[in-house]
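J.: Sharing a sequence plus its predicted fold:
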Amino acid sequence: MRLTAKELAVLLDAQIDGNSEATVSKLVKIEEADKESLCFIANAKYAHYAENTHASILVVSKDFSIKNTNGTTYLRVADPYSSFAVLLEKFNALNQEEKLGVDKEAKVDDSASLGQGVYIGAFCYIGKNVRIADGVKIYPQSYIGDDVLIAKNTIIHAGVKIYAKCQLGEECIVHSGVVIGSDGFGFAPQVDGSFSKVPQTGNVIVGNRVEIGANTVVDRATLGSTFIADGVKLDNLVQVAHNVQIGENSVVAAQAGISGSTKLGKNVMVGGQAGFVGHVQIADRTKINAQSGVSKSITQEGSFVSGSPAEAFRQHYKGIANVRKLEELIKRIEFLEKELRKKA
């Protein structure tokens, strides 16, 4: 399928600089562009490619100034990177075959409710009283437990496991290997040194437009719900423990671990391999640097912390700088001690 610059300008709310009838059939990196290509530049270090690119259409910022000598049409937008995401979604939709219906190798309980335009792939299991809304896609070998609710247009990729009574909102994306609703890590120590399992009787509630990366695990609550709010993005290999709450539009990078009953506010950003002790609260718009260990609540909105235990970002790196000066300081002290002994 071909798209014109005029059609793309409507999609991206872009200003056309060049031929509005220019057409493209593919989205590629600017280094590999030909006359069939649509490209974008969001990072200034790639700007020089625009001078001689053969791309038919190039998405750039409104103030982009480098001129092309090969007749490329520019689409000028407020945010090229966000526009790129829109373009990827558009081309991905054009290139994907629409999946509909229930595969003959799937097992769907008679009590389950399926909306219109639903796809259930081969070897999926859909349990009792499951409610699946319009447009939901569940790819092969996924397990959907009893009484699960999945709202409209959510995509469940292959091999996902969703335990009983959990709920997913609209337009979520759940990647392969994800487990939602597994038991929280609850064990009571006994006098003989053993541990007795504490039943995990709650569920997981996931809001709208949440994306959960491959092999991430979200545990069910002991009581009540583990809650992932609207717009949250979880990377691959993230651990979310029982009764955790993650606020709207927060993002958590790979290999982070959030212990039980921790509450993250809105628009929190968590770097890779960061860890949280249980029962702490993190204020809105807090940024947690990669590999930080958060051992206490952060109450100041917009904080930026780093290190283990985590502390204010500037304070952390000031401490590191001071540690690097220790060798020099020790030599100076040793020198002064020698001078004092000479005078004694």
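T.: Yes, it's here. Just so it is clear, the structure is predicted and the values come from calculations on it, not from any experiment. Numbering: from 1, shown residues only.

J.: Please enumerate the helices of the chain.
T.: For the chain, applying DSSP state H gives helices covering 5-12, 80-95, 313-324, 326-343.

J.: how about the shortest one as CSV, C-alpha atoms only?
T.: Same thing as helix 5-12. Extracted in CSV, the C-alpha atoms of helix 5-12 (Å, rounded to 0.1, in the frame of the first residue of the first chain):
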residue,chain,number,x,y,z
ALA,A,5,2.6,13.1,1.7
LYS,A,6,-0.9,14.7,1.9
GLU,A,7,-2.3,11.7,3.7
LEU,A,8,0.6,11.5,6.1
ALA,A,9,0.4,15.2,6.9
VAL,A,10,-3.2,14.7,8.0
LEU,A,11,-2.2,11.7,10.2
LEU,A,12,0.7,13.6,11.8
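
J.: quick one on the thing from earlier: for the helices of the chain, could you give me a markdown table that also reports distance to residue 250, mean neighbour count and mean pLDDT?
T.: For every residue, glycine as well, the C-beta is placed using N, CA and C. Rendered in a markdown table, the data for the helices of the chain read as follows (distance: least, CB to CB, whole Å; neighbours: other CB atoms under 10 Å; pLDDT from 0 to 100):
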| stretch | distance to residue 250 | mean neighbour count | mean pLDDT |
| --- | --- | --- | --- |
| helix 5-12 | 27 | 18 | 93 |
| helix 80-95 | 18 | 15 | 84 |
| helix 313-324 | 18 | 12 | 76 |
| helix 326-343 | 38 | 9 | 84 |
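
J.: With distance to residue 187 added, can I get those in a markdown table?
T.: Putting the helices of the chain into a markdown table (distance: least, CB to CB, whole Å) gives the following:
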| stretch | distance to residue 187 |
| --- | --- |
| helix 5-12 | 53 |
| helix 80-95 | 43 |
| helix 313-324 | 34 |
| helix 326-343 | 43 |
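
J.: Mind telling me which residue is nearest the centre of the chain?
T.: Taking CA atoms, centre = their mean as the criterion, residue 233 is the residue nearest the geometric centre of the chain, at 3.1 Å.

J.: Which residues does it form beta bridges with?
T.: When assigned by DSSP bridges, residue 233 has beta-bridge partners residue 211, residue 251.

J.: Test my guess that it contacts residue 210.
T.: Yes: Residue 233 sits in contact with residue 210 when judged by CB atoms under 8 Å, with a separation of 7.3 Å.

J.: where are the low-confidence patches of this protein?
T.: Using pLDDT under 70 as the threshold, the predicted model of the chain has low-confidence ranges 1, 95, 313.

J.: thinking again about what came up before, among the helices of the chain, which comes closest to residue 239?
T.: Between residue 239 and the helices of the chain, the tightest spacing by CB to CB is seen for helix 313-324, at 23.9 Å.
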